[in-house]
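**Q** pasting the sequence and the predicted model now:
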Amino acid sequence: MSRYWSPIVHRLTPYVPGEQPKLDKLIKLNTNEHPYGPSPRAVAAIREAADDSLRLYPDPNADKLKAVLAQRHGLTPAQVFVGNGSDEVLAHAFLGLLKQDHPLWFPDITYSFYPVYCGLYEIAYETLPLADDYSLRPEDYLPLAGRRAGAIIFANPNAPTGRLLALTEVERIVAGNPDAVVLVDEAYVDFGGESAIPLVERYPNLLVVQTFSKSRSLAGLRVGFAVGHPDLIEALERVKNSFNSYPLNRLALAGAVASVEDEAHFRDSCDRVISSRSRLTEQLSELGFEVLPSVANFVFARHPRRDAAGLAAALRERAIIVRHFRAPRIDQFLRITIGTDAQCDALLAALGEILA
Ligand code: PMP
């Protein structure tokens, strides 16, 4: 607290990022990073870009990256926006598309950054409770226009639950709220979900946001993107050009382009995570956990007889870190990132010991 702070900062409750421990002996299953490395072609491209050309500024329009993303998704570059991680893309979308006097609607259990951005940009928000099984009820969002909804945001699959809303239901929400911008945060969609990107051709109120941090194993590079009608993209570009005219640095641009061009590595590495997820789900269930059906690179699980905070602490004593949220309705769950098979085995062995 300082008398020099702005009132916005006084009121702000900042997001608490997942821990990034300095000890590399830990088994780190807490922030949904990919367990296997990025495309070797991406790493090679980054190395190659690390030369004297770093004295030059990067391309302020990220033309090459927008072109490869547009091509992969059957869009035009004018329908693509790129930024430093999807968090930055979302920040620009909040500033560029949301209205301060029209609330943003989102589920009561979702990515905890959304209320932080609302606080930062002074945007009112309302939350709609998830169903008892932690699924999103599309009918709650139909229509919100009568209630002066300025916009809607949800993560699909949702975080931290991992549950997926079917594409037909996503479309119902988008089609049912033509006056509201609908932001679909698809950070985890590549692990078995169905993207809403094909819908952007038909719905000028839909913005889909994705990241290279999860399925492309490039969290350290900071690359995210949004696709939507050129008018929506133009709003994000205006925000970007107002305080940050270089969306990505030269190394990130080179690595991201090469990653998109290596479709085979992308598919294989997502498939590995998907099969490890089935195995982990099955084995956690055998240990007595209730595991929500996940379409993400993590599972959300609770044990009917054991306190989640206690379990997280006991795992930590065994050098394994998972995520526990002290939040209403979910404080009995652990969110566990899908690790390598060896890491999942170590987790299961530790849980077996703790529960014995
Ligand atoms: N959306 C969701 C739902 C997330 O869980 C995350 C990761 N914390 C992000 C967006 C942001 O990811 P990044 O900025 O690394 O792209």
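**A** Everything's here; your move. Residues are numbered from 1 along each chain as shown.
**Q** what about the nearest residue to Tyr114 once chain neighbours are set aside, neighbour count?
**A** Among residues not flanking Tyr114 along the chain, Phe106 sits closest, at 5.3 Å (C-beta to C-beta, 6 or more residues apart in numbering). (Glycine included, C-beta is placed from N, CA and C.) A count of neighbours around Phe106, defined by other C-beta atoms under 10 Å, yields 24.
**Q** remind me, longest helix of this protein?
**A** helix 263-286 (DSSP state H).
**Q** residue contacts, the nearest residue to Glu169 once chain neighbours are set aside?
**A** With sequence-adjacent residues excluded and distances taken as C-beta to C-beta, 6+ apart, Glu169 is closest to Pro138, at 4.3 Å. Pro138 is in contact with 165, 169-170, 172-173, counting by C-beta atoms under 8 Å, 6 or more residues apart in numbering.
**Q** over to Gln210?
**A** Taking C-beta under 8 Å, 6+ apart, one finds 86, 186-187, 189, 195, 224-227 in contact with Gln210.
**Q** next helix or strand past the host helix or strand of it?
**A** According to DSSP states H and E, Gln210 maps onto strand 206-211. Of the helices and strands lying after strand 206-211 in sequence (DSSP H and E), the nearest is strand 224-228.
**Q** the strand holding Gln210 to strand 224-228, inter-axis angle?
**A** 160 degrees (axes from the mean of the first three to the mean of the last three C-alpha atoms, to 10 degrees).
**Q** alongside the ligand, which residues does the stretch 51-200 of the chain contribute?
**A** By C-beta under 6 Å from any ligand atom, the residues of the stretch 51-200 of the chain that approach the ligand are 85-87, 111, 155, 159, 185, 187.
**Q** let's see 8 Å
**A** 84-90, 110-111, 113, 155, 158-160, 185, 187-188 (C-beta under 8 Å from any ligand atom).
**Q** just the buried residues of these.
**A** 84-90, 110-111, 113, 155, 158-160, 185, 187-188 (16 or more other C-beta atoms under 10 Å).
**Q** report the contact partners of the residue in the stretch 1-150 of the chain positioned nearest to the ligand.
**A** Of all residues in the stretch 1-150 of the chain, Gly85 sits closest to the ligand, at 2.9 Å by C-beta to the nearest ligand atom. When contacts are counted by C-beta under 8 Å, 6+ apart, Gly85 touches 211, 213, 222-224.
**Q** most neighbours out of those residues, which is it?
**A** Val223 leads the contacts of Gly85 on contacts (other C-beta under 10 Å) with 29 neighbours.
**Q** how does this structure divide into domains?
**A** 7-37+264-355, 40-262 (automatic domain parsing).
**Q** which one of the ones you listed is the most hemmed in?
**A** Neighbour counts (mean count of other C-beta atoms under 10 Å) averaged over each of the domains of the chain peak at domain 40-262, with a mean of 19.
**Q** what does the stretch 201-350 of the chain put close to the ligand?
**A** So the stretch 201-350 of the chain meets the ligand at 209, 211-214, 219, 222-224 (C-beta under 8 Å from any ligand atom).
**Q** in these, find the pair that's most separated.
**A** Val209 and Ala219 (15.4 Å; C-beta to C-beta).
**Q** re the thing from before, could I get the domains of the chain as JSON lines with mean pLDDT?
**A** Formatted as JSON lines, those follow (pLDDT from 0 to 100):
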{"stretch": "domain 7-37+264-355", "mean pLDDT": "94"}
{"stretch": "domain 40-262", "mean pLDDT": "95"}
